[in-house]
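1. sequence isn't available, so here's the structure alone:
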């Protein structure tokens, strides 16, 4: 019973909305265009404010994320099979440039890893518990 009541209320509200929309279009045909333009402008302003605010908030983290995503995309694009791989002697100019850039990057990049010395050689004195 409740479901029927809810469906009928929704139908009545939608029907009244359609009647109101049609009557306003009949009185003032440019009314709909004005309303769409106003709401679109307001939505655009809110979106731009949001973008500026989020750009300031994200700052360095977001730019680092974009850089890492771009590198990951390049890596997976390089792994994708290409029609030229069937004949290994044939290479395009772009592939030759990529291989030169990749080899140059591998030589110049420094890893930022450090070795932490542990105590693997020392035995625990179990009698001191």
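-> Happy to help now that I have it. These figures come from a predicted structure and were not determined experimentally.

2. for stretch 44-64, what is the average pLDDT?
-> Mean pLDDT, stretch 44-64: 80.

3. cool, and stretch 7-15?
-> 95.

4. now for residue 50, how many residues are close by?
-> 10 (other Cβ atoms under 10 Å). In this view, the C-beta of every residue, glycine as well, is placed from N, C-alpha and C.

5. also residue 10?
-> Residues contacting residue 10 under the criterion other Cβ under 10 Å number 10.

6. and the gap between it and residue 53?
-> For residue 10, the distance to residue 53 equals 36 Å [Cβ to Cβ, to the nearest Å].

7. same question, residue 34
-> Applying Cβ to Cβ, the value for residue 34 to residue 53 is 29 Å.

8. output the contacting helices and strands for whichever helix or strand residue 51 is part of.
-> Remark: residue 51 resides in helix 31-79, with elements defined by DSSP states H and E. Here helix 31-79 touches helix 2-27, going by 3 or more Cβ pairs under 8 Å, 6 or more residues apart in numbering; DSSP states H and E.

9. just for the chain, where's the confidence low?
-> Scanning the chain for pLDDT under 70 picks out 1, 57-61, 78-111, 121-129.

10. tell me the secondary structure for residue 120?
-> Secondary structure, DSSP: H, G, I helix; E, B strand; the rest coil: residue 120 is coil.

11. any chance of the backbone angles for residue 114?
-> phi -120, psi 150 (degrees, to the nearest 10).

12. what's the local residue count around it?
-> Residues near residue 114, counting by other Cβ under 10 Å, number 5.

13. distance of residue 2 relative to residue 8?
-> Distance, residue 2 to residue 8, using Cβ to Cβ: 11 Å.

14. repeat for residue 114
-> Taking Cβ to Cβ as the measure, residue 114 and residue 8 are separated by 71 Å.
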